[in-house]
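K.L.:
fold the stuff below for me.
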Amino acid sequence: MNEPNNLKDFNVDKIFTYHRPTGDQQRRYQSLRNLAKDFAWEIMASCPQSRERSLALTNLQQTVMWANASIACNEPDAEDYACTSL
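P.N.:
Numbering: from 1, shown residues only. Sure, this is the predicted structure:
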């Protein structure tokens, strides 16, 4: 199957591969999660229950996910490749 030209460098195997934590990555993952958890509690305490509060919490989850992905995929020793190559 032919791929569209703009996706020719999109490496599905590399993007969807488990990246085992190395060095201090695990500590940084946990630090990001802890900070996000504190912020989530502050959002829960400060904001009325609403669609907007739900979106704030959902986007906070996404923020942590993408921050952790940046660590997993873009470290110099992360098996010499980046997860994103579009």
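K.L.:
okay, and the helix or strand of this protein with the least pLDDT?
P.N.:
Counting by mean pLDDT, DSSP states H and E, the weakest-scoring helix or strand in the chain turns out to be helix 12-15, with a mean of 76.
K.L.:
distance of the residue nearest the centre of the chain relative to residue 42?
P.N.:
Taking Cα atoms, centre = their mean, the centroid of the chain lies closest to residue 66, which sits 2.0 Å from it. Note on residue 66: its distance to residue 42, by Cβ to Cβ, to the nearest Å, is 20 Å. For the C-beta atoms, the positions are set from N, CA and C on the backbone; glycine is no exception.
K.L.:
just after the least confident helix or strand of the chain, pick out the following helix or strand.
P.N.:
helix 25-46 (DSSP states H and E).
K.L.:
identify each buried residue in the helix or strand harbouring the residue nearest to the centre of the chain, please.
P.N.:
Residue 66 belongs to helix 51-74 when assigned by DSSP H and E. Neighbour counts over helix 51-74 (16 or more other Cβ atoms under 10 Å) mark 56, 57, 60, 64, 67, 68, 71, 72, 73 as buried.
K.L.:
tilt between that helix and helix 25-46?
P.N.:
Counting by axes from the mean of the first three to the mean of the last three Cα atoms, to 10 degrees, helix 51-74 lies at 170 degrees to helix 25-46.
K.L.:
what's helix 51-74 packed up against?
P.N.:
helix 25-46 (3 or more Cβ pairs under 8 Å, 6 or more residues apart in numbering; DSSP states H and E).
K.L.:
okay, residue 35: pLDDT?
P.N.:
Looking at residue 35, its pLDDT reads 98.
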